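Colleague: need a structure here:
(one chain, ligands or ions: 1)
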Amino acid sequence: AQGAPRFRRVLVKLSGEALAAPDGYWLHPPTLAALADDIARAVEKGFEIALVVGGGNVIRGARVSAAGWIDRATGDSLGMMATVMNSLALETALNAAGVTARTMSAVSMPTICETYARQPALHHLDKGQVVVLAGGTGNPYFTTDTAAVLRAAELKCDAVLKATQVDGVYSADPKTNPDAVRYERLSHDEAIARDLKVMDTAAFALARDGGLPLIVGSVHAPSSVTAILTGAAPSTLVAP
Ligand code: UDP
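Modeller: The predicted structure follows:
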């Protein structure tokens, strides 16, 4: 879209559900391969990509702990490990798609992947490698949306692309309200004033404080990450 700023280094946040199979199985290899291909194409176009993937296709701490048999912090540990599983799967698919990807986990698992540290992550990005940031923030009671904003700020990303099921931020739920309109651009403050849920509160507050631009778009169509980043597919930009 005209006037949309061009970002170079982008943190792409995928929800775990983006990897799930239609029958509910946690991982769908064809979907994974298509996503990896899309990211590889974005890298070819000159974008520097850091990825954060959620774990909701496997486990969410709040949900399992609500059932009462496990406490929240332990449930969140399971969730963080789920993000490591998804990250390793993505790393594998990215390498198969022809880009060098490395998983760095906030929860150290030295026999499985690198432990996240800022300087090496910056070096990988400078070399055009994709870093897959696993383990969320490494702390319970947070989400991978918060991890995405935190890492984007640390790694000098120009924006966070939150890849969802919907092609942007709407004035109302587009699935239930035919009058819902998609915003082209909003400020962080406008999103709060209109009570638009772009990300969870902690993540959004961090983005607003840092003046970090957020792009919301859909990963439903093939090659959507590249299309959103090049302005060929619709999205909403939340920026100061
Ligand atoms: N999680 C956590 N700390 C973090 C990030 C994630 O404890 O910094 C746990 C939490 O239990 C969460 C789960 O990992 O429910 C999966 O992450 P998330 O719900 O953000 O995944 P998504 O909804 O994006 O698939």
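Colleague: So which residues of this protein form helices?
Modeller: Ranges of helices in the chain, per DSSP state H, are 29-44, 61-66, 72-96, 118-126, 144-154, 188-193, 201-210, 224-229.
Colleague: tell me which residues of the fifth one are tucked away?
Modeller: Within helix 144-154, the residues that count as buried by 16 or more other CB atoms under 10 Å are 144-153. For the C-beta atoms, the positions are set from N, CA and C on the backbone; glycine is no exception.
Colleague: Next, see if that helix gets close to the ligand.
Modeller: Yes - Helix 144-154 comes into contact with the ligand (CB under 6 Å from any ligand atom), by way of 144, 146-147.
Colleague: same check, this time on the first one
Modeller: No - on the criterion CB under 6 Å from any ligand atom, helix 29-44 is out of touch with the ligand, staying 13.6 Å away.
Colleague: related to what we said a few turns ago, quick check: of the residues of helix 144-154 next to the ligand, which lies closest to the ligand?
Modeller: For the residues of helix 144-154 next to the ligand, the closest approach to the ligand (CB to the nearest ligand atom) belongs to Thr144, at 3.4 Å.
Colleague: Pull up the residues of this structure that are close to the ligand.
Modeller: When proximity is defined as CB under 6 Å from any ligand atom, the chain approaches the ligand at 15-17, 54-56, 60-62, 75-76, 79-80, 82-83, 136-137, 139-140, 142-144, 146-147.
Colleague: Which among those count as buried?
Modeller: 15-16, 54-56, 60-61, 75-76, 79-80, 82-83, 136-137, 140, 142-144, 146-147.
Colleague: Out of the residues of helix 144-154 next to the ligand, flag the one nearest to Cys113.
Modeller: The nearest member of the residues of helix 144-154 next to the ligand to Cys113, counting by CB to CB, is Ala147 at 15.3 Å.
Colleague: thought that closest one was touching Thr137?
Modeller: Yes - Ala147 is within contact range of Thr137, at 4.6 Å (criterion: CB atoms under 8 Å).
Colleague: Mind listing the shared neighbours of the two?
Modeller: Common contacts of Ala147 and Thr137, defined by CB atoms under 8 Å, 6 or more residues apart in numbering, comprise Ala106.
Colleague: Could you pull up the residues touching Val169?
Modeller: With contacts taken as CB under 8 Å, 6+ apart, Val169 has the following neighbours: 182-183, 186, 191, 196, 198, 216, 236, 238.
Colleague: Can you tell me which of the buried residues of helix 144-154 is nearest the ligand?
Modeller: Ranked by distance to the ligand (CB to the nearest ligand atom), the buried residues of helix 144-154 are led by Thr144 at 3.4 Å.
Colleague: residues contacting the residue most central in space within the chain?
Modeller: Averaging the C-alpha coordinates of the chain gives a centre point, and the residue nearest to it by CA atoms, centre = their mean is Lys13 (0.6 Å). Taking CB under 8 Å, 6+ apart as the criterion, Lys13 is in contact with 51-54, 144-145, 148, 160-163.
Colleague: neighbouring contacts of stretch 39-47?
Modeller: Contacts of stretch 39-47 from elsewhere in the structure, counted by CB under 8 Å, 6+ apart, are 7-10, 12, 49, 51, 94, 97-99, 128, 130, 223, 225-226, 229-230.
Colleague: Please apply the same query to stretch 123-135.
Modeller: So stretch 123-135 is in contact with 9, 39, 43, 48-53, 80-81, 83-84, 86-88, 90-91, 94, 99-107, 113, 116, 121, 147, 151, 155, going by CB under 8 Å, 6+ apart.
Colleague: Ok, stretch 227-236 next?
Modeller: 1, 4, 6-7, 10, 42, 45, 47, 161, 163, 167-169, 182-186, 215-218, 221, 224, 226.
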